[in-house]
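> pasting the sequence and the predicted coordinates here, then a few questions.
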Amino acid sequence: MSYKTIVAIIQTPGDNERLLQAIVPLASRLGSHIVGVHAEALPMPIESGMVMPDVEFVTTASEANRSRAAALEAHFSARLADAAISSEWRAVESFSGDSAVAARAAARTADLIIASEASDDTSNNADTDALLYDTGRPLLLVPVAGMKEGPFAKVLVAWNGTREAARAAFDALPFIVEAEETTVVTVDAGTELVNSASQLAAALARHGANASVIELAAKGRPVADVIAAQVQMSAADLLVMGAYGHSRLREFLFGGVTRSLLEAMPVATFMSR
């Protein structure tokens, strides 16, 4: 198994550069085909004094949309062509102008989706929730600070024994197998969960992974803080976890690792649902 088709969500010029820095070494290593998806918001007509659609506004806005999309495509395609990576570009106009929402159909036929972590400028952030909850495909989030080149050396798998956690662990196998070490982490686990964590590590090892288990105690701390602290202490460069919840806030992991953890996470985060 490998990630032969990767859909990249390009919402802004910053996303384009950040993701290309991650995609070029990743696709070169895995022999992947990259599909870049970008959306622009459909111009909304403004009524003129004669209560007619402002045609000039619509025309000007459409031209600006095409110009932005063309600039992003040129940069994206040139970088991948220089690296001899197979790629294609899909630009659309939609009511939301959200590249993640627009990419859902394409993402359902991909092995992996890659997108940027949310930035402070929330008005330009793509709705990555739509990718997780509407595509059935795994998502790799690249932190704002960027992602290391080459294989992930240390992978941390957050484990609570659920379907979502299992899906994430096995969807991440291509990264786990090439890592130097993988640690399956439980928090405040009982005997049953500890046993299942050991069974997961054994299953990953059969694929060739160097996997072990660590049991952590929250001691009153939020699980999000426990996981984040372990990522930092272990110098992990990839966090693998299941995506949970149904509310717009989309809580992750054990119901306690929220979007605030994802925004602050300094390493790449791999999620499945």
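Yep, it's here.

> now do the contacts for Leu20.
Shown in contact with Leu20 (C-beta atoms under 8 Å, 6 or more residues apart in numbering): His75, Phe76, Arg79, Leu80. Just so you know, the C-beta spots here come from the backbone N, C-alpha and C atoms, and that holds for glycine as well.

> where's it, which helix or strand?
Using DSSP states H and E, Leu20 sits within helix 13-30.

> Glu40 too?
Per DSSP H and E, Glu40 falls inside strand 33-41.

> could I have the CA atoms of that strand written out in CSV?
Extracted C-alpha coordinates of strand 33-41, given in CSV (Å, rounded to 0.1, in the frame of the first residue of the first chain):
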residue,chain,number,x,y,z
HIS,A,33,0.3,11.7,-8.7
ILE,A,34,-0.7,15.1,-7.2
VAL,A,35,-4.1,16.7,-7.8
GLY,A,36,-4.2,20.4,-6.8
VAL,A,37,-7.6,21.8,-6.1
HIS,A,38,-8.4,25.5,-5.7
ALA,A,39,-11.7,27.3,-5.5
GLU,A,40,-12.7,30.9,-5.9
ALA,A,41,-15.9,32.4,-4.7
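
> tell me what it is packed against?
Packing contacts for strand 33-41, counted by 3 or more C-beta pairs under 8 Å, 6 or more residues apart in numbering; DSSP states H and E, involve strand 5-9, helix 13-30, helix 55-82, strand 87-94, helix 99-102.

> output the first one as CSV, nothing but the C-alphas.
It stands for strand 5-9. The C-alpha trace of strand 5-9 is given here as CSV (Å, rounded to 0.1, in the frame of the first residue of the first chain):
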residue,chain,number,x,y,z
THR,A,5,-3.0,9.7,-5.7
ILE,A,6,-2.8,12.7,-3.4
VAL,A,7,-5.2,15.6,-3.5
ALA,A,8,-3.7,18.9,-2.3
ILE,A,9,-6.0,21.6,-1.0
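
> what's that strand in contact with?
15, 19, 23, 26-27, 32-37, 76, 99-100, 103, 106-107, 109-116, 126, 128, 131.

> give the pairing partners of that strand; include direction for each.
strand 33-41 (parallel), strand 112-116 (parallel) (DSSP bridges).

> outline the domain layout of this structure.
Following the assignment in automatic domain parsing, the chain carries domains at 5-142, 154-272.

> turn the ones you listed into CSV, columns for distance to Lys148 and mean pLDDT.
What follows is those, written out as CSV (distance: least, C-beta to C-beta, whole Å; pLDDT from 0 to 100):
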stretch, distance to Lys148, mean pLDDT
domain 5-142, 9, 85
domain 154-272, 6, 86
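
> of the strands paired with strand 5-9, which is nearest Phe152?
Phe152 lies closest to strand 112-116 among the strands paired with strand 5-9, at 13.5 Å (C-beta to C-beta).

> next secondary structure after the closest one?
Using DSSP H and E, the helix or strand that follows strand 112-116 in sequence is helix 128-134.

> after that next one comes which helix or strand?
strand 139-142.

> what packs against that following strand?
helix 13-30, strand 112-116, helix 128-134, strand 268-272.

> and that strand, C-alpha only, in PDB?
The C-alpha coordinates for strand 139-142 follow below in PDB (Å, rounded to 0.1, in the frame of the first residue of the first chain):
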ATOM      1  CA  LEU A 139      -6.100  13.700   5.800                       C
ATOM      2  CA  LEU A 140      -2.500  14.900   6.400                       C
ATOM      3  CA  LEU A 141      -2.400  18.300   7.900                       C
ATOM      4  CA  VAL A 142       0.900  20.300   7.400                       C
END
